[in-house]
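Q: Let's see this in three dimensions:
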Amino acid sequence: MPFIDQNAVSAPTVIRVTDYGAIPNSGQDAVKAVRKAIGVAKSIDGPVVLEFPKGRYDFYPEHAAKIKYFISNTTTEDENPDVTKTIGLFFKEHRDLTVDGLGSLFMFHGKMTMIALDQCENVTLRNFSTDFERPTMSEITVEAVGSDYLDVRTNPDSWYVIEEGKLTWIGEGWKYSDGPAQEYDPVTNTTWRVSNPMTSANKIEQLNPLQLRLYFDHTFETKVGHAFQMRDGIRDQVGVFINQSMNITGTQLHLHYMHGLGIVGQFSENLTFDGLKLAPRPETGRTCAAFADFVHMSSVKGKVTIENSHFEGAHDDAINVHGTHLQIIDQPSPNQIIVRYMHGQTYGFDGFFPGDRIDFVHGHSLTVYANNTVKNSEMVNLREILLTLEQPIPVGIEAGDVVENISWTAEVEIRNNRFLRIPTRGILVTTRKKVVIANNHMIGIQMSGILVADDAESWYESGMVTDVMIHHNQFMECGVPVINIAPENKEMQMENPVHRHIHIEDNEFLLRAYPVLYAKSTQGLHFINNQVLGSNTANKLDDSSFVIHLEACSDVNVHGNNFLEINHNVKCMKLDLSIMPLD
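A: Alright, predicted model coming up:
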């Protein structure tokens, strides 16, 4: 008889997956047993704890839930015509649930979305690790560099076949030959994007098991000990998908590999992550833990909290929090507009609900000129939405103008985290609610440590910021500008900036290059009491360098900073007050 602990009315009911047929450490597929246990958990009134007695549980695609989901920033229609997600642990409309792994390892096979929470409320995921038996990231380590060849060793988890001198990476039900690549330097613990050595090689042959020789018509520039990480380019699954859910918590989760985007929040509210570890398992010898971003929050409201966590080894940004700009393409009636998802990788889901507030935004200046309330939203097709509004459409709509759903913008708090081995940016954040980024350590980030963007012509990731505090962080040899406030507006107006009230205070910067700060179209910018330390690398730059570069900014306060070991020819600040349109 399955064990159900109901000793007290107020105590949660405990459901153990082993009572429903899951056998830890057996290598057997646990999907059917776990789905049965999840179903029982859903049928019980009151709080429930779904327990996994400690061990390894394997999840295979065959019996997994297969659900069609359109997910922001993933793939285009051409890249991935079938949006079906193969989900290892699927939770739909659960309330007051805790999933406790008790220190277990969940091992996934094939291409899978590990966990999905859809229309759930008050759910906690805690105390487990996840990984893939055969990750969709393939890795090699350089053992010798010749004049026209490389000798490399493949990671044991990277399976392959060689036919007629060409290599194909293979997995459990998938294969690929070409795709993006990154190079990894173990001495500096950094990665950066490079061309794929496997596809640029003229011929590949196997010297010994796991040992390959790659032939080129030139000397391939790399070093012995460097590794290359290679994947295909299609984000057809994600790591953890949180959709239209509320009060979701993840604590003490070690996610060692995720295919596609990592943890994705979409139209959800109040998401808290504490004690995450997103990094490869050391015993695997792998260097990459994510196919793309580690944490990606798109159109989330309430509060997003990310704290006490470790991010190491992604193929894109560590954290990205944003909304979506949809372009206005038609006005069928005085109170109706048709808006369109413009970026190829975002489409298919309704981005508006009755009662949502929207802003009308000029595409060229990214400034708000009107707002309204959604009365009804109807998908015309996978890219276009008919919005019926409570008030008439404002006058003055121009070609390229967009709308932003401002009801789905989040307060953000990112504290006490470590960021390493990130090839792009550490944190991207564009939300009008309060943002606090504090006590984080960023080491060797290849691009900006923090990017505050906003655009209506490229990624269409909204929107403005109005209250940002960046303080007591350490930025060690990050890319430049270390803090980049860079809205993509082509027209700048001093009296009507894109961003407002950004405070950068009491941080430490060790520069790889200049500038430490670039800011554009920002009002109320404070750079106060920071310690900025130059370096031999940074000081090799020419006399045109600036420590701080400001463009069309106003109400700027720069004082109390220590600029140490900065080349005396490097200028402190460039201030461009131009309000003319950019070329």
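Q: alpha carbons only for contacts and neighbour counts from here, please
A: Noted.
Q: Domains in the protein, by residue range?
A: Using automatic domain parsing, the domain ranges for the chain come out as 4-135+235-312, 138-230, 325-405, 433-576.
Q: can you redo those domains as JSON lines with mean pLDDT?
A: Shown next, in JSON lines, are those (pLDDT from 0 to 100):
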{"stretch": "domain 4-135+235-312", "mean pLDDT": "96"}
{"stretch": "domain 138-230", "mean pLDDT": "97"}
{"stretch": "domain 325-405", "mean pLDDT": "98"}
{"stretch": "domain 433-576", "mean pLDDT": "93"}
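Q: Redo these as TSV? Include mean neighbour count and distance to Pro423.
A: Output for the domains of the chain, formatted as TSV (neighbours: other CA atoms under 10 Å; distance: least, CA to CA, whole Å):
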stretch	mean neighbour count	distance to Pro423
domain 4-135+235-312	21	10
domain 138-230	17	5
domain 325-405	19	21
domain 433-576	20	5
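Q: Turn those into JSON lines, including distance to Ile414.
A: Below are the domains of the chain laid out as JSON lines (distance: least, CA to CA, whole Å):
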{"stretch": "domain 4-135+235-312", "distance to Ile414": "5"}
{"stretch": "domain 138-230", "distance to Ile414": "22"}
{"stretch": "domain 325-405", "distance to Ile414": "23"}
{"stretch": "domain 433-576", "distance to Ile414": "5"}
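Q: hey, C-alpha coordinates of the helix or strand hosting Asp131 in PDB?
A: Assigned by DSSP states H and E, Asp131 belongs to strand 121-132. In PDB, the C-alpha atoms belonging to strand 121-132 read as follows (Å, rounded to 0.1, in the frame of the first residue of the first chain):
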ATOM      1  CA  GLU A 121       0.600  28.200  -7.500                       C
ATOM      2  CA  ASN A 122       2.700  27.900  -4.400                       C
ATOM      3  CA  VAL A 123       5.100  25.300  -5.600                       C
ATOM      4  CA  THR A 124       8.700  24.700  -4.300                       C
ATOM      5  CA  LEU A 125      11.400  22.700  -6.000                       C
ATOM      6  CA  ARG A 126      14.200  21.800  -3.600                       C
ATOM      7  CA  ASN A 127      17.200  19.600  -2.900                       C
ATOM      8  CA  PHE A 128      18.000  17.800  -6.100                       C
ATOM      9  CA  SER A 129      20.400  17.800  -9.000                       C
ATOM     10  CA  THR A 130      19.800  17.400 -12.700                       C
ATOM     11  CA  ASP A 131      22.000  16.300 -15.600                       C
ATOM     12  CA  PHE A 132      21.900  14.600 -19.000                       C
END
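Q: Show me the contact partners of that strand.
A: For strand 121-132, the external contacting residues (CA atoms under 8 Å, 6 or more residues apart in numbering) are 93-110, 245-258.
Q: That one: partners in the sheet, and parallel or antiparallel?
A: Take DSSP bridges as the rule and strand 121-132 pairs in its sheet with strand 95-108 (parallel), strand 246-255 (parallel).
Q: so how far is that strand from its chain's centroid?
A: 18 Å (CA atoms, centre = their mean, to the nearest Å).
Q: Then stretch 14-25?
A: Relative to its chain's centre, stretch 14-25 lies at 32 Å (CA atoms, centre = their mean).
Q: same deal with stretch 145-152?
A: The answer for stretch 145-152 is 35 Å, by CA atoms, centre = their mean.
Q: What lies in contact with it?
A: 140-144, 211-220, 222-224.
Q: try 7 Å
A: 140-144, 211-220, 223-224 (CA atoms under 7 Å, 6 or more residues apart in numbering).
Q: first to last residue in that stretch, what's the distance?
A: For stretch 145-152, the separation between the terminal residues is 9 Å (CA to CA, to the nearest Å).
Q: Sheet partners, orientation included, of the one helix or strand Ala144 maps to?
A: Taking DSSP H and E as the criterion, Ala144 maps to strand 138-145. Strand pairing for strand 138-145, using DSSP bridges, gives strand 149-154 (antiparallel), strand 227-230 (antiparallel).
Q: so which of those comes closest to Ile162?
A: Between Ile162 and the strands paired with strand 138-145, the tightest spacing by CA to CA is seen for strand 149-154, at 13.0 Å.
Q: For Ile445, give me its contacts.
A: By CA under 7 Å, 6+ apart, the neighbours of Ile445 are Leu420, Arg421, Ile422, Pro423, Thr424, Arg425, Gly426, Cys478, Gly479.
Q: please redo it, this time with the cut-off set to 8 Å
A: Ile445 sits next to Thr190, Phe419, Leu420, Arg421, Ile422, Pro423, Thr424, Arg425, Gly426, Glu477, Cys478, Gly479 when contact means CA under 8 Å, 6+ apart.
Q: With secondary structure and distance to Leu525 added, can I get those in CSV?
A: Shown next, in CSV, are the contacts of Ile445 (DSSP: H, G, I helix; E, B strand; the rest coil; distance: CA to CA, whole Å):
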residue, secondary structure, distance to Leu525
Thr190, strand, 31
Phe419, strand, 25
Leu420, strand, 28
Arg421, coil, 29
Ile422, coil, 27
Pro423, coil, 27
Thr424, coil, 24
Arg425, coil, 21
Gly426, coil, 21
Glu477, coil, 23
Cys478, coil, 21
Gly479, coil, 21
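Q: quick check, nearest of those residues to Ala456?
A: Distance to Ala456, by CA to CA, is smallest for Arg425 among the contacts of Ile445, at 19.9 Å.
Q: isn't that closest one right up against Asp317?
A: Yes: in this structure, Arg425 is within contact of Asp317 by CA atoms under 8 Å, at 5.0 Å.
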